[in-house]
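> Structure here, sequence nowhere to be found:
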């Protein structure tokens, strides 16, 4: 199956070479799309140089910083137009280990509509995370599971493999969320389409270089949207 690993970037000059090399070392059969939001640190230029020497690497230059969700939607559209069978979400900062990619692709090739690399199932873990970050992630997943009934332990996870049929079955234009909430929204859309979600354990490693994109606004958006969706779901007068 033709697989495209989509890696959104914004100021990841220190990491992009390492992550692309790791992906292609562990899975030389896949291709990579670097979706760069006009990084001022030169990430886009580095990506162009990588693509010039390896035909498996492609670059999508975007006009500016529009957020994680917008970058993934653009990457999905790019990949679907070119006939890829599996489209993978993967962070550029090294937190998603290339050696775990095979577990996600194995499930996708077996027919799983959406496979999530989960930190919170048996065998999954996090490395070098402060306690409050883990508490926030676990709490967000638990709250989303209760409010939305998704049946997923790590609903905010960003290491995912979608089959093309899954992305074609949902309305990507309706997914306007960013950050944590984008991942929750995508899971919600997949479930609403009546499709299965499979979780496989992965090890999540905190970034060494660069700065995290996590912010209060991202957390606030997720809390607000999940609460609204949950209330709509439980509203007895809703058709």
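Structure received. The structure presented is a predicted model; accordingly, all values stated were derived computationally and were not measured. Numbering: from 1, shown residues only.
> For the rest of this, base every contact and every neighbour count on C-alpha atoms.
Fine.
> Low-confidence stretches in the chain?
The chain contains residues with pLDDT under 70 at 207-216, 218, 235-239.
> residues in contact with residue 58?
By Cα atoms under 8 Å, 6 or more residues apart in numbering, the residues touching residue 58 are 31-34, 48, 51.
> What about the residues you listed, which are in strands?
Judged by DSSP state E, the subset of those located in strands is 31-34.
> May I see those residues arranged in TSV, with neighbour count and distance to residue 108 as well?
Below are those laid out as TSV (neighbours: other Cα atoms under 10 Å; distance: Cα to Cα, whole Å):
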residue	neighbour count	distance to residue 108
31	21	16
32	22	17
33	24	19
34	25	21
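> before we move on, back to that, ok, the contacts of residue 58 vs residue 41, which is closest?
For these, the closest approach to residue 41 (Cα to Cα) belongs to residue 48, at 13.7 Å.
> ok, and the closest non-adjacent residue to the closest one?
Spatially, and ignoring its direct neighbours in sequence, residue 48 is nearest to residue 59 (6.5 Å; Cα to Cα, 6 or more residues apart in numbering).
> Check whether that neighbour sits in a helix, strand or coil.
strand (DSSP: H, G, I helix; E, B strand; the rest coil).
> next one: residue 38
Judged by three-state DSSP, the three-state class of residue 38 is coil.
> contacting residues around the closest residue to it other than its chain neighbours?
Spatially, and ignoring its direct neighbours in sequence, residue 38 is nearest to residue 64 (5.0 Å; Cα to Cα, 6+ apart). For residue 64, the contact set (Cα under 8 Å, 6+ apart) comprises 37-39.
> before we move on, what about residue 91?
Going by Cα under 8 Å, 6+ apart, residue 91 touches 7-8, 158-159.
> Strands of this structure, start to end?
In the chain, the segments counted as strands under DSSP E are 3-9, 31-36, 57-61, 86-89, 114-118, 125-127, 160-163, 197-201, 203-205.
> sorry, back to before: tell me how many other residues crowd the residue nearest to residue 48.
Residues contacting residue 59 under the criterion other Cα atoms under 10 Å number 22.
> got it, and residue 62?
Residue 62: 16 neighbours (other Cα under 10 Å).
> With residue 170 instead?
Applying other Cα under 10 Å, we find 16 residues neighbouring residue 170.
> From what I see, it and residue 190 are in contact.
Yes - using Cα atoms under 8 Å, residue 170 makes contact with residue 190 at a distance of 6.8 Å.
> Which one, of the strands of the chain, ends up nearest to residue 95?
With Cα to Cα as the criterion, residue 95 lies closest to strand 203-205 of the strands of the chain, at 4.4 Å.
> returning to what we had before: mind putting the strands of the chain in TSV, distance to residue 185 included?
As requested, the strands of the chain are exported to TSV (distance: least, Cα to Cα, whole Å):
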stretch	distance to residue 185
strand 3-9	18
strand 31-36	20
strand 57-61	23
strand 86-89	14
strand 114-118	13
strand 125-127	23
strand 160-163	13
strand 197-201	13
strand 203-205	21
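> before we move on, the earlier item: for the contacts of residue 58, which two are the farthest from each other?
31 and 48 (14.6 Å).
> And for residue 96, nearest residue in space, chain neighbours not counted?
Nearest to residue 96 is residue 204, by Cα to Cα, 6+ apart, at 5.8 Å.
> is that neighbour in a bridge, and if so with what?
residue 96, residue 126 (DSSP bridges).
> what about it, distance to residue 127?
According to Cα to Cα, to the nearest Å, residue 204 and residue 127 sit 6 Å apart.
> neighbour-wise, which of the two wins?
Between residue 204 and residue 127, counted using other Cα under 10 Å, residue 204 has the larger neighbour count: 22 against 11.
> That one and residue 115, how far apart?
16 Å.
> And for residue 82?
Counting by Cα to Cα - residue 82 and residue 115 are separated by 21 Å.
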